[in-house]
Structure formats: structure tokens, C-alpha cells
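K.L.:
Predicted structure and sequence below. I'll ask about it afterward.
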Amino acid sequence: MKVIFDMPATMKPEVKIELLFNAFNRGFITKWDVYPICAKEIAANTLTREDVKKLAKRIANIDPGVVDMRLNDLKKMEVA
């Protein structure tokens with residue numbers, strides 16, 4: 001099942017990423033839905049990689065090394 005988020009443009013990037021990791025943690029979306037958006041926020045300088053790692057750890061208990069690996073993989077695949 002594909003879940004589409006209609007997030008307002010005025011939503012703070014931290015809140016957007018929190019919502020995504022929460023949905024991911026609950027199994028509503030996959031890493032392929034979450035990490036490209038994280039990468040876009042990092043590229044736009046609205047969040048740092050460290051911010052994303054902290055949110056991932058706090059919301060979904062994802063190890064910071066896993067976040068690095070997934071973001072690096074996206075970059076290698078030129079998805080984000």
C-alpha cells in the first residue's frame with residue numbers, strides 16, 4: 001500500500017521528518033519513501049545529516065550508521 005503525505009509547505013522540516021520516521025516505524029511506508037525526502041531536506045540545507053540521524057534514533061530507534069548507509073546508497077544510485 002502506497003501512502004501519500006500531503007504536507008503543507010509551511011511545515012517545519014523537523015516535523016516532516018518526524019512524521020515520516022513515525023510512519024516508517026509503524027510500517028505504513030518504506031525506507032524508499034523516507035530517505036529521499038531526508039536527502040532533499042539535507043540538500044536544501046533545512047536540516048543537517050546529524051539532525052536526521054538524531055530524529056531517526058529518537059523516533060524509530062534507527063542506528064546513525066544505518067542512516068548514513070542509506071543516504072550514501074541513495075547518493076550512489078542518484079535517487080536523491
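P.N.:
Received, thanks.
K.L.:
Just the element for the closest residue to R70 other than its chain neighbours, please.
P.N.:
The shortest distance from R70 to any residue that is not its chain neighbour, by Cβ to Cβ, 6 or more residues apart in numbering, is 4.9 Å, and that residue is Y35. Bear in mind the C-beta positions are built from the backbone N, C-alpha and C, glycine included. Using DSSP states H and E, Y35 sits within helix 31-43.
K.L.:
and that helix, what does it pack onto?
P.N.:
Under the contact criterion of 3 or more Cβ pairs under 8 Å, 6 or more residues apart in numbering; DSSP states H and E, helix 31-43 touches helix 13-25, helix 49-60, helix 64-77.
K.L.:
Hmm, the residue nearest to R70 is touching L74, no?
P.N.:
Yes - using Cβ atoms under 8 Å, Y35 is in contact with L74, at 5.6 Å.
K.L.:
quick one on the thing from earlier: pipe the helices and strands packed on helix 31-43 into CSV and attach distance to I42, mean neighbour count and mean pLDDT per row.
P.N.:
Conversion of the helices and strands packed on helix 31-43 to CSV gives the following (distance: least, Cβ to Cβ, whole Å; neighbours: other Cβ atoms under 10 Å; pLDDT from 0 to 100):
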stretch, distance to I42, mean neighbour count, mean pLDDT
helix 13-25, 10, 18, 94
helix 49-60, 6, 18, 97
helix 64-77, 7, 14, 94
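K.L.:
between these, which gets nearest to M7?
P.N.:
The stretch from the helices and strands packed on helix 31-43 with the least distance to M7 (Cβ to Cβ) is helix 13-25; that distance is 5.5 Å.
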